[in-house]
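Chemist: Sequence plus predicted model, see below.
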Amino acid sequence: MKATKKFLSGLSLLALLGSANAATFGTPDGVLNNFGGFDWTSSASVLVKGYDIRANQPGNSIGKQDIIDVYYNSFANAVLDANGGTFTTAGLVKGTGGAGYEITVKAHFQEVVTCLDANCTFVSITPLTGTWDIYLDTSADANLLTQSGFGDGVNILSGTFTGGQTVATSQASVNPGTGTTLASVQGNTTSTNNAYINPNLNGTTVSSTLSFGPKNATNGPNGTWVQPTSWQGSGIGGGGNGVPAIGGNQRDFVGQADASQSFFFSVPEPTSLALTGFALLGLGLSARRRKQA
């Protein structure tokens, strides 16, 4: 794989090992029993900041390291039951505008990239720390083009990332390269809004498998991705709402994020509930079913 820059392409949180009792999720469409999770849009984007390593630099690069920041925003296409089916949620808005409500996710985490050979054509990528938050907003304003409106609803779930599995991959001499890879990040659930979701999931552990893909994936799994024109709170450009420049070797850049994953909850027996995550391999595997954004 040739990818100097990696993109967050999937984020999912899955709760297992609970009792037979299902979780409930209170929505404007009513209380959903046997709540299973969310199907995130496959047209989402990521912002990667501060990637300074590329292949074929002068000198011996073995052991050289760089820490990158990855930011991910998305909204839900559907609410799922614990069996993977879809609830009838007539009021759920799938994108900007319209009367109804939306469910969004925001995540930010860091990774350390380490050169494994003299030319840095092969690197390891290890997740470090970060946070994730999920919101319900009765004013549907999340916008994939401007990357705004993803964190202004009611926070219903939150958590942290504390580390994860190291993966190894090849990379190119020009940033960003092309290709995909996967990474696994672990953490904890730190907040559950019991006005919406029960039982309380605080203290449960989280493991999320992330699929990363290339900047130039303009025809992703559902063929609808559009590169953002701005990114709220990016710290780039005037007012901090810009996006990276296009072309050349970029240390900051945006890319497609395919996040058609779910996370599931069940009522736990004492100390028995564990959260686990998975991704559907993301970009390049368009044969997998994706819901229209």
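Modeler: In hand now; what should we look at?
Chemist: burial measure for residue 143, as a count.
Modeler: 19 (other C-beta atoms under 10 Å). Every C-beta, even on glycine, is put in place using the N, C-alpha and C of the backbone.
Chemist: Same question for the one 10 residues further on.
Modeler: A count of neighbours around residue 153, defined by other C-beta under 10 Å, yields 21.
Chemist: Skipping adjacent residues, who's closest to residue 153 in space?
Modeler: Take residue 153 and drop its neighbours on the chain: the residue closest to it by C-beta to C-beta, 6 or more residues apart in numbering is residue 137, 2.7 Å away.
Chemist: The closest residue in space to residue 64 that isn't next to it in sequence and residue 169, how far apart?
Modeler: Residue nearest to residue 64 in three dimensions, not counting chain neighbours: residue 115, with 4.4 Å by C-beta to C-beta, 6+ apart. Using C-beta to C-beta, to the nearest Å, residue 115 is found at 12 Å from residue 169.
Chemist: who touches both of those two?
Modeler: The contact sets of residue 115 and residue 169 overlap at 122-123 (C-beta atoms under 8 Å, 6 or more residues apart in numbering).
Chemist: For the stretch 1-150 of the chain, give me the ranges with low pLDDT.
Modeler: Counting by pLDDT under 70, the stretch 1-150 of the chain contains low-confidence residues at 1-22.
Chemist: And the stretch 151-293 of the chain, by the same measure?
Modeler: Looking at the stretch 151-293 of the chain by pLDDT under 70, you get 174-183, 206-224, 247-249, 257-293.
Chemist: try it again with 90
Modeler: 157, 159-161, 163-189, 199-228, 236-239, 243-293 (pLDDT under 90).
Chemist: Can I get stretch 32-47 as PDB, trimmed to CA atoms?
Modeler: Output in PDB follows, covering the C-alpha atoms of stretch 32-47 (Å, rounded to 0.1, in the frame of the first residue of the first chain):
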ATOM      1  CA  LEU A  32     -36.900   2.300  20.400                       C
ATOM      2  CA  ASN A  33     -36.700  -1.000  22.300                       C
ATOM      3  CA  ASN A  34     -33.900  -3.500  21.500                       C
ATOM      4  CA  PHE A  35     -31.800  -0.600  20.300                       C
ATOM      5  CA  GLY A  36     -28.800  -1.800  18.300                       C
ATOM      6  CA  GLY A  37     -26.900   1.200  17.000                       C
ATOM      7  CA  PHE A  38     -26.400   3.600  14.100                       C
ATOM      8  CA  ASP A  39     -25.600   3.200  10.400                       C
ATOM      9  CA  TRP A  40     -23.200   6.200   9.600                       C
ATOM     10  CA  THR A  41     -23.100   7.700   6.200                       C
ATOM     11  CA  SER A  42     -20.400   6.500   3.800                       C
ATOM     12  CA  SER A  43     -20.000  10.000   2.400                       C
ATOM     13  CA  ALA A  44     -18.300  11.400   5.500                       C
ATOM     14  CA  SER A  45     -14.900  13.000   5.600                       C
ATOM     15  CA  VAL A  46     -11.700  13.200   7.700                       C
ATOM     16  CA  LEU A  47      -9.200  15.900   8.400                       C
END
